[in-house]
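J.: Turn this into a structure:
(one chain, ligands or ions: 1)
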Amino acid sequence: MNREFNSDNNVCDLCGAVQYDFILTTPRLEGPLVCCHACHLFYVLAPVPKPISPTTVQVIESAPVAAAEMKRLSKRAQELCLVNPFVEENEDKWRAITAAERYQDLLRATSLSSGRLLEIGCATGDFLYAAHASFQVTGVEADEAACAMTQARGFDCFNGTIFAAKFPAESFDIVTLYHVIEHVPSPIRVLQEIHRVLRPNGFVIIETPNIDTIWYRLLRARWRQFIPDHKFFFTPATLERSCAQNSFAIVERRSVGKAMSLRLFFDRLGRYHRPSGLLLAKLVAKLGWQERTLQLNLGDVMRLYARRK
Ligand SMILES: [Zn+2]
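T.: Predicted coordinates for the structure are as follows:
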């Protein structure tokens, strides 16, 4: 059941409209999920409605605020049993497999084999590691500990947000965001900043959940992508429009999967049905299959390549 609201407290980041349709509520998100009446961007309303002015967004985007917010939301995800730190800590091998796949795909899609590459939200530097043989790599990471690990691997990494980093204009050939754009306070402002720091014809690569999927329609509030730190949910149309209206030309978009251990797979299955997830996790442990690799593409994650005009 969709109810229509009129509100001038929450403005659509993509088109500026103030009318939205109410979609659902779930404790897994920080507020009600709504869909913009005009452009159909899905987004989560702020828990306490407050005016979103450019100044407010800038405060939210400041490095210490972003880092504190990230910590709070990841704690919330653990409380809701959506993320298990023990399981996550043992996924290094599979994160490296996924990073290598992203890098090979980048070489194919961009036909570039050298230049300056920036990864926004580089975590502990797995993708920078995969790319550093050919590219001069730089990371941006709001989490202090993750940033320190990236630096310890020998990579240039700025602790904070893309805005605080204040990179010179037109200084990168490629900017990547793997599962980052759905987390930020304003995806459009991030795209504008990427446009500024990319050289003309440079590439932006965005990987993010795709809400226009059978899984969301079937599972609704139990869809695996509903976790507290996700604020925006794109369809192929809204993601392409976000790029196009900020002077990027779409190059290609397709659905992608990732590598994971069977241990992580069954832990994540617990997001749908916790008793089954736990039972199967025990069985897999008993069989000694936790370390087996699963290449999973459910069709609910998309990767887009666009060129800066
Ligand atoms: Zn809109």
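J.: What parts of the protein come near the ion?
T.: The chain comes close to the ion at residues 12, 14-15, 17, 36, 38-39, 41, as judged by C-beta under 5 Å from the ion. Every residue, glycine included, has its C-beta placed from N, CA and C.
J.: Need the buried ones from the residues you listed selected in PyMOL.
T.: Selection of buried members from these for PyMOL, criterion 16 or more other C-beta atoms under 10 Å:
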select buried, resi 12+14+15+36+39+41
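J.: What about the residues of the chain next to the ion, which are in helices?
T.: Among the residues of the chain next to the ion, DSSP state H puts none in helices.
J.: Please enumerate the strands of this structure.
T.: For the chain, the strands defined by DSSP state E occupy 4-6, 19-24, 33-36, 42-44, 115-120, 135-141, 156-159, 172-178, 198-209, 232-233, 248-255, 258-261, 293-296, 301-308.
J.: ok now do Ala169, which residues does it touch?
T.: Contact analysis of Ala169 by C-beta atoms under 8 Å, 6 or more residues apart in numbering lists 196-197.
J.: quick one, what contacts the residue nearest to the spatial centre of the chain?
T.: With distances taken as C-alpha atoms, centre = their mean, His179 lies nearest the centre of the chain, 2.1 Å away. Contact analysis of His179 by C-beta under 8 Å, 6+ apart lists 121, 207-209.
J.: Format those as a markdown table; extra columns: neighbour count.
T.: Shown next, in a markdown table, are the contacts of His179 (neighbours: other C-beta atoms under 10 Å):
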| residue | neighbour count |
| --- | --- |
| Gly121 | 22 |
| Glu207 | 20 |
| Thr208 | 23 |
| Pro209 | 23 |
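J.: can you pull the contacts of the residue in the stretch 101-250 of the chain that the ion sits nearest to?
T.: Relative to the ion, the nearest point of the stretch 101-250 of the chain is Thr238 (7.9 Å; C-beta to the ion). Thr238 makes contact with 14, 39-42 under the criterion C-beta under 8 Å, 6+ apart.
J.: 7 Å - rerun?
T.: The contact partners of Thr238, taken as C-beta atoms under 7 Å, 6 or more residues apart in numbering, are 14, 39-41.
J.: any idea which of those residues is closest to Gly288?
T.: Closest approach to Gly288 among those (C-beta to C-beta): Leu41, at 45.2 Å.
J.: I'd say the closest one and Ala17 touch.
T.: No - if you go by C-beta atoms under 7 Å, Leu41 and Ala17 don't touch, sitting 9.0 Å apart.
J.: low-scoring stretches of this structure, by residue?
T.: For the chain, applying pLDDT under 70 flags the ranges 1-9, 47-60, 87.
J.: Output the longest helix belonging to it.
T.: As assigned by DSSP H, the longest helix anywhere in the chain is helix 92-110.
J.: can you pull the buried residues of it?
T.: Applying 16+ other C-beta under 10 Å to helix 92-110 flags 94-95, 97-103, 105-106, 109-110 as buried.
J.: hey, C-alpha coordinates of it in PDB?
T.: Extracted in PDB, the C-alpha atoms of helix 92-110 (Å, rounded to 0.1, in the frame of the first residue of the first chain):
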ATOM      1  CA  ASP A  92      40.500 -11.700   3.000                       C
ATOM      2  CA  LYS A  93      41.100 -14.400   0.400                       C
ATOM      3  CA  TRP A  94      37.700 -13.900  -1.200                       C
ATOM      4  CA  ARG A  95      37.900 -10.100  -1.100                       C
ATOM      5  CA  ALA A  96      41.200 -10.400  -3.000                       C
ATOM      6  CA  ILE A  97      39.500 -12.600  -5.600                       C
ATOM      7  CA  THR A  98      36.700 -10.000  -6.000                       C
ATOM      8  CA  ALA A  99      39.200  -7.200  -6.300                       C
ATOM      9  CA  ALA A 100      41.100  -9.000  -9.000                       C
ATOM     10  CA  GLU A 101      37.900  -9.600 -11.000                       C
ATOM     11  CA  ARG A 102      37.000  -5.800 -10.700                       C
ATOM     12  CA  TYR A 103      40.500  -4.900 -11.900                       C
ATOM     13  CA  GLN A 104      40.400  -7.300 -14.900                       C
ATOM     14  CA  ASP A 105      36.900  -5.900 -15.800                       C
ATOM     15  CA  LEU A 106      38.200  -2.400 -15.600                       C
ATOM     16  CA  LEU A 107      41.100  -3.100 -18.000                       C
ATOM     17  CA  ARG A 108      38.600  -4.700 -20.400                       C
ATOM     18  CA  ALA A 109      35.900  -1.900 -20.200                       C
ATOM     19  CA  THR A 110      38.200   1.100 -20.200                       C
END
